[in-house]
Each structure stands twice: as structure tokens, then as C-alpha cells.
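Undergrad: Quick one: sequence plus predicted model below, questions after.
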Amino acid sequence: MLSKRSSSSISMRSRSVPGSAGAWWRARHAALAALALLPAACSDFAPGDGELDDASALLDAAEADLGEAAEALSLPFPIEPLKSLTVTEVDIVSQFSLKDVLQQLVTQSGVPGLTPLTLFQRFMDTYRAAPGLYPSVPHCDSVAANPNDVFPPPQPGDTPSPGSINGWPVRCPRTIGQDSGIDPFSTTAGDNAYMATTLANRFDLAPPDGAHCGEYRIVFARKSGHPDFSNARPDQTFRRSFIIFEGRLPNPSPSLGRQGCRPIVDFWLNQSSPSKSVATRAAELKSFYFNGLPASGVGPVIHIDNYGHTPGPNNGQIRTNEFLLFQEAFDAWPLREFRLTHGTSSSPSLNVIPSFVKDNPAAKLFAPGISGDSRVTSFQSTVFPNLVERLAAADDVNRFAYPSALPDAMNAGESLMIPLQNNYLNAIGSGTSTLRTNIANKLIAMGSDLSGTPTNLSVDQIVGRAQSLACAGCHEPVDATNSPSSSLDVGLSSAFPKTLVFTHTSEKTAPVDENDPNGPRRFILSEAVLKTFLPYREKVMTHFLLNNATLGFEKPGAWTSTQALLATHTGRVKEGIASLEVRTPSSFNAIVSPNFSTSGLTPVGNKIKLSLFVSKQQPNPSWVGNLEVLISIPSAGINNQWAGNVVLNGLTRGVFNEVTFSQQLPAATVAALNAAPSDVKLQFNFNVTANSGPYYMDDIRFEN
């Protein structure tokens, strides 16, 4: 939400001289233009392994275009997504070992005699049927499955699912459980060993209120999935396994809200500095993960409290993605979630405990004609219908989300797309059902005609969005047929982004520089990561660094109203991570900002502009109403000065409109704003039919 000067006076410049993020922040007023984001359209990059030339081209295109956007903003240096967002360079990630990660956790736990090897083997033993090699750990069949919960119902010859997690069936045992009897640390060259492939900055997961600062991940891949091993096997079997440590960092200064995460974002921004060598970046990243940023009060990412010790949706986790087969018949490809739990200093313990997979409802919950299960009844009548509005209120796959965490009892014990256990489209079917009717009613109330266009979402597209939020659906986005060649329709103007066949990272590598095939290498990433996820995460990071949180509606509770119902919304968003949802129970609704400063926003223009979403469903379609704005700067003697209005009938419904208020600000007001006062206040008055909306406000600017 930059307050932009007239386009005729913008002076673009690029900076080739490296500088620190802190120095740039102190010179923030030099940013003279709004962020230009790459389009997120998908290409025809094949999802199969081995397309290394195409992958390199994607990397170059993404970095080049994002670099141009950074130059236009006068950043101290371009944000390079493969340095500041996702790092896969072999020379850097090779500095991280699974043994070191487990050793740090063991040391923090204080458990006498516990070793990284024992912790790893106990972890893998959870995939075995009891008693396994470690009888005290929870095994996959410690709680028997209810055969009626297997969905789709098993066919003759199907592998049974005798075990369960969270009351839902899981495949048990799994071949990966055999690793509880091996030592992956005995040699780094064997196919049982694990190698780090990816470091991921997920600051984009930090919520608007700054309850935490996002996740910082490390992906480890079993070397048996590397081409050097798989190509050497006569049977060419899949032997792939990934362990992902997804540490959620606490906010070091929670009283500052999301701004308390500033030192962490600055650290990642500085990874793009052209003055940093690969060796320097490797050392800094390793220190960040293992030591944190002590001078800023940021603890290490690798800490026993950051991987789900406290139950709940905001406390991190460990996840696995495994397809480890030997001579068996074709089997499932599951993703599972674990919590790292520990004891106290007086009673130390450390365990990797199987957990339900968050926001992954079991497929049976979508199926019609099921009686006698209160979970299904509750899900179809209340739980899922109440999620429809938030699922529908987004036009970017990165913004798909549930309004809050699903009830624990609804979450499956594992996420599967091979076979169909997490294919919600297959489960709901095409016939009439209670759930279909309830979803349709919610969509119709939002103004959809159910035709399946981006502004008229269908029932299947809403179910597809839920499927895309499941681990399996994100990693293998397919339709109800489960055909690998199918595309998941989620109601966007472009196709759902492609993966690397059930993964977004790979054991394969490509040259860092395509012109130097014998030079340094990096692990390849999916098209979805390169062309859809990273551009969005770059935008979130840039927006956080540059823009005013008040004018962007990014601070929950900052704006107030005595008439309207206000809420921070993370789906219908024009810029940044949030907008302001306005529900209007009255015909007059005043929305008032807190006092804010224009310091860092100058020079400002003479008109107020706003991105405004007007809902399609209106109680009085012939008269939607109007919106006016008032400005106050008491220190300059300006109080409730009228700054124009907009007639809402002329705006397109169901999309964001770029609104310019009619009144040009007087020269004295513009001069006062350019003096950077700290007591500026805006008031937007909705004069509308009562109970219309909701409306969504975003991206206030002062422009000529």
C-alpha cells in the first residue's frame, strides 16, 4: 500500500551497490513505485522427472522478472527467490545433516543416553505393526481401525488397513518402518542415508496478528531416491522418502504484532545481497537454523518447542512423504504428520508422535448415504457448509484457506491420493446429496449461479479447493478419476499448478547456471513452486518490507466502527496478506482508521484511492449506495474534511474495483500530508442498504 506520487514524477532507478536490509529500511522513503508482480500463469513444463533444461529456464525467468520488480522499488538489491525464499543449492544444503538436527533436539531434551540414531529409529518404528523393535512407541496398529471408516470401501484383494490414527484408518505396516532397524548415519554415501535438499522461508504463513512468524523448513530426502541409486537397481523400484522439519518460530516481540517478525524477514532479505558468497550464505543459514538471531531475541528454528510439542494449529510439525517399495505390488503413497513432544528438566523425554494431518478431512466425510456416524452428520450439515464462504472468497491458489482450524476429530490420520482416500471429488460423487445441497445453498447466497466460472463457482470447484488444501491434493492435484493426466478444477482462470508427481522437491539436480553444466548444482523444484508459490511469497515479503500496515488493513483491530461488523480477511485481498471485511447491518456505517503517519509515504498525491470489492448479492440491486471519505489532520487544523465519494452502483460486482474518490485534496492538505504528520485519520462512510455486503477494502493510496 505505497502512497504513490503522480506517475509523471516517478523517477525509476536501480541499485547495483549492495547494502544491508537495515540500511535500506532506514531509507525506505526512496521507494517510489508500487510492486509489479509476475503473472502466475502455468506453462507446459512436464511434471515428470528429468526435465532439467526446462527447470533451469523456469528458474532464470522467475529470477529475472522478480529482479526487475525489485529494481523498480529501489530495493537495495533484488529479492532473489532462490536465495531469500527457497534454497536448494547443493553447496549450501549439504551443510545440513539429519544427524545434526536430531542431535540438537536430543541435547535440548536432556534425556540421558538418548542418541540421534535411537530417536530416528523410534520415529521409523511408528510405521511398524506392534510390537516393532521399540515396543514403547505408538505403532500404526496400536489403535485398531474401524473397517467401516475405510473409504472408498475396500474391494476384493485390497490391502487391509488394520491401523488408525485419530480414529481414521491408515496403511499399516509401511515398508519405511524397516528403517527402524538400520543406521542411516553409518555412511553418508549409502542409499539409506538422508540428504538435505531444501531450506524454505515460509514467512507467508505468519498471520496478520503476528501470533507467530511463520515456518522455516528443512527437507531431507532418502538417498535411495537419487538417480545414482534408482538407475542402478535392476528392478527400478521406487524407494523415495522425505522427512520435512517444519519449525514454527515464535514472535520475538509479540507486542509489536507482525512487525515483531522484522529481524527474521531482514535476515532472509539479506540472503539476496550480491556481496554474499555461497560460503557466507551457507554459514549464516546454518547459524539461523541452529542458533537463531540472538541479538534480536530470535531463538533457533531447530528447537524442541517448534515442532508441535504444544497441540494446536500454530505450533509446527514434522511431516513425511514416502513411497518406499521393494518387490511388493503397487501401493499407496502417503503423507503423514508427527509432533515432537518432550518432558521437563526433572522428567526428560523426547518422542516423535504420529498425529492427524491438519486441515485434511477424511474422505468419508464427503460421501453421501452414510448414516450412524456423528462425524459425517456434523461435517455435512454444519462444519463444511460453514467453510464454503472462506473457500470461495479467494481468486489465488495461494490464498485458499479455511477460516479456522478444522475440528480435530475430522482430520485424517494420513493424506493419500494414491489410491483415492483423499480424493474428495471422488467421494462426494456427482449425484444429489445433503452436502452438495448445503454447499450450493451457501454459494447461491453469495451470488453464484453455480455455472463454474471464476465468479460463479460450482459445488465441485469448492470441493476441489478443499482437496487442494489437503497434503495429497496439493502434491497430486487430480480430478475425481485420479488420472495423472487430469487437472484439478478449482475455479481459477488458469490451470492448477503442476507438481513433480506427488512432490514439490526432488532428489535430482540441475546446474545453478545453465551455461555452466559442470558447475555448482541445485536440487530442482516443481513448476508450482517456481511459477506460483515463490512469486506470491516474494510479494508477501516485499509488501511487508515496504508498505503501511494501516493503509493496507494488515493490522487486526486497527480500524474501528460503531455500526459495521469488521474483520481481517485473508482471502479477498488485492495486496499483501489481508483486507478489511465490512458487513453493514445499518444503512450508515462509518469505518475509522487509527492515527497514522505519512512518514516514509511522501511525496503524496492529491486524491485518495482504494481497492474495493462489492459483493454480487445485494438486497436492493437497483441501489447499492455510495461511499464517501473524510480526512483529518488535527495538527494542521484539518478535521473531517470531505475528500469525495463514489457511487457504488457503477462498480463491477464480484471483483475488486480501483476506486478514485472524486474530490481533489486542497493544496494545504497535500502540503500537510507531505510534512509527515503522525495524526492523520481517515473515515470511510458506507451509505448503503442495510445488511448488504460484505464489502472488502484494501490498498489505500494517495495519488495524483
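TA: In hand now; what should we look at?
Undergrad: Just give me the neighbour total for the residue lying closest to Phe588 once chain neighbours are set aside.
TA: In space, and not counting its chain neighbours, Phe588 is closest to Asn687: 5.9 Å by Cβ to Cβ, 6 or more residues apart in numbering. Glycine gets a C-beta too; all of them are placed from N, C-alpha and C. For Asn687, the tally of surrounding residues (other Cβ atoms under 10 Å) stands at 16.
Undergrad: Determine the three-state secondary structure at Asn687.
TA: Assigned with DSSP: H, G, I helix; E, B strand; the rest coil, Asn687 falls in the strand class.
Undergrad: and it, bridged to which residues?
TA: Here Asn687 sits in beta bridges with Phe588, Asn626, going by DSSP bridges.
Undergrad: so what's it up against?
TA: Ser587, Phe588, Gly625, Asn626, Leu627, Glu628 (Cβ atoms under 8 Å, 6 or more residues apart in numbering).
Undergrad: mind checking how far the fifth one is from Leu75?
TA: When you say that, I think you mean Leu627. 34 Å (Cβ to Cβ, to the nearest Å).
Undergrad: out of these two, which sits in the more crowded spot?
TA: Neighbour totals were compared for Leu627 and Leu75, and Leu627 leads with 26 against 23 (other Cβ under 10 Å).
Undergrad: Let me see the contact set for the more buried one.
TA: Leu627 neighbours (Cβ under 8 Å, 6+ apart): Leu612, Asn645, Val646, Leu648, Val659, Phe684, Asn685, Phe686, Asn687.
Undergrad: Is it possible to get a markdown table of these that adds pLDDT?
TA: Shown next, in a markdown table, are the contacts of Leu627 (pLDDT from 0 to 100):
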| residue | pLDDT |
| --- | --- |
| Leu612 | 99 |
| Asn645 | 97 |
| Val646 | 97 |
| Leu648 | 97 |
| Val659 | 98 |
| Phe684 | 99 |
| Asn685 | 99 |
| Phe686 | 98 |
| Asn687 | 98 |
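Undergrad: If you rank those by neighbours, which is first?
TA: Highest count within the contacts of Leu627 by other Cβ under 10 Å belongs to Phe684, 27 neighbours.
Undergrad: and that one, that's in a helix?
TA: No. Read with three-state DSSP, Phe684 is strand and lies in no helix.
Undergrad: That one - nearest residue in space that isn't next to it in sequence?
TA: Ile591 (4.5 Å).
Undergrad: for Ser622, same thing?
TA: According to Cβ to Cβ, 6+ apart, the nearest residue to Ser622 is Asn649 (7.9 Å).
Undergrad: And for Pro254?
TA: Take Pro254 and drop its neighbours on the chain: the residue closest to it by Cβ to Cβ, 6+ apart is Gly260, 5.8 Å away.
Undergrad: shouldn't Ala690 be in contact with Thr584?
TA: Yes. If you go by Cβ atoms under 8 Å, Ala690 and Thr584 touch, sitting 6.7 Å apart.
Undergrad: Between those two, which has more neighbouring residues?
TA: Taking neighbours as other Cβ under 10 Å, Ala690 and Thr584 compare with Thr584 leading, 23 against 14.
Undergrad: Look up phi and psi at that one.
TA: phi -120, psi 80 (degrees, to the nearest 10).
Undergrad: For it, give me its contacts.
TA: For Thr584, the contact set (Cβ under 8 Å, 6+ apart) comprises Gln563, Ala564, Leu565, Phe686, Val688, Ala690, Asn691, Ser692, Gly693, Pro694, Tyr695.
Undergrad: What is the neighbour count of the closest residue to the fifth one other than its chain neighbours?
TA: Sequence neighbours aside, Gly625 is the residue nearest to Val688 in space, at 3.3 Å (criterion: Cβ to Cβ, 6+ apart). The local packing count at Gly625 equals 22, with neighbours defined by other Cβ under 10 Å.
Undergrad: isn't Gly625 right up against Leu651?
TA: No. At 10.5 Å, Gly625 does not count as touching Leu651 under the criterion of Cβ under 8 Å.
Undergrad: Give the buried residues for stretch 213-226.
TA: The neighbour-count check on stretch 213-226 (16 or more other Cβ atoms under 10 Å) flags 213-226 as buried.
Undergrad: Narrow the contacts of Thr584 to just the buried residues.
TA: When the contacts of Thr584 are checked for burial by 16+ other Cβ under 10 Å, the buried set is Gln563, Ala564, Phe686, Val688, Ser692, Gly693, Pro694, Tyr695.
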